[in-house]
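Chemist: Here you go, sequence then predicted model.
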Amino acid sequence: MAFAAPLALIAGIAGAGISAYGTAEAGQAQANAANYNAAVAANNATIANNNAAYSVAAGQEATSTQSRKNAAVSGKIKATQAASGVDVNTGSAVDVQKSQRETGELDSETVLNNSELQAYGYRSQATGFQATSQLETEEAEQAPIGADLSAAGGLLGSASSLGLKWSQLGNTGTTATT
């Protein structure tokens, strides 16, 4: 069994090398996954920003439509008052018209405010996606470094263990036990 000790030493060296290679590959796989996640988050941020812009544009159009509806209602009120023989330029007729205009303005402002709130939500979402993208990018940069350091530590630990076993073999002339 004199040849068993050198074979065990060779197997230990090979095992340490394979383990180090596996650690480095795992780090690269982690980096690849982080790069993918960063790209997905960046795309999601772009989509959220686009949704914010669409929300603002749709809100402005809806506000414009609401303003036209309000003008039509105001005109209808004034025409109805005039058709009823009411003086449309005095008294409660003016108050009714004013109240309608104010209510219409509030409706239009509410439509615009709702679209701006929705856009704010999309922008906040985009900010979160951008932060995630940056974090994932940083992870992708650091994963191979961490894996390389871990692999180097594993190799050094294995070398130390194998060196100790080699030294025990040389001193006793027998196989080392663990």
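Modeler: Right, received. Where do you want to start?
Chemist: If you count contacts, what does the top helix by length along the chain end up packed against?
Modeler: Scanning the chain for the longest helix, with DSSP state H as the assignment, gives helix 91-172. Where contact means 3 or more CB pairs under 8 Å, 6 or more residues apart in numbering; DSSP states H and E, helix 91-172 is packed against helix 4-83. All C-beta atoms are positioned from the backbone trio N, CA, C, and that covers glycine.
Chemist: angle of the helix it packs on against helix 91-172?
Modeler: When axes from the mean of the first three to the mean of the last three CA atoms, to 10 degrees is applied, the directions of helix 4-83 and helix 91-172 differ by 180 degrees.
Chemist: Which neighbouring elements make contact with helix 4-83?
Modeler: helix 91-172.
Chemist: if we can go back for a sec, quick one: the longest helix of the chain to chain centroid distance?
Modeler: Centroid displacement of helix 91-172 relative to its chain, using CA atoms, centre = their mean, to the nearest Å, is 4 Å.
Chemist: Please apply the same query to stretch 16-31.
Modeler: Its chain's C-alpha centre and that of stretch 16-31 lie 27 Å apart, by CA atoms, centre = their mean.
Chemist: Show me what the mean pLDDT comes to for that stretch.
Modeler: For stretch 16-31, the mean pLDDT works out to 84.
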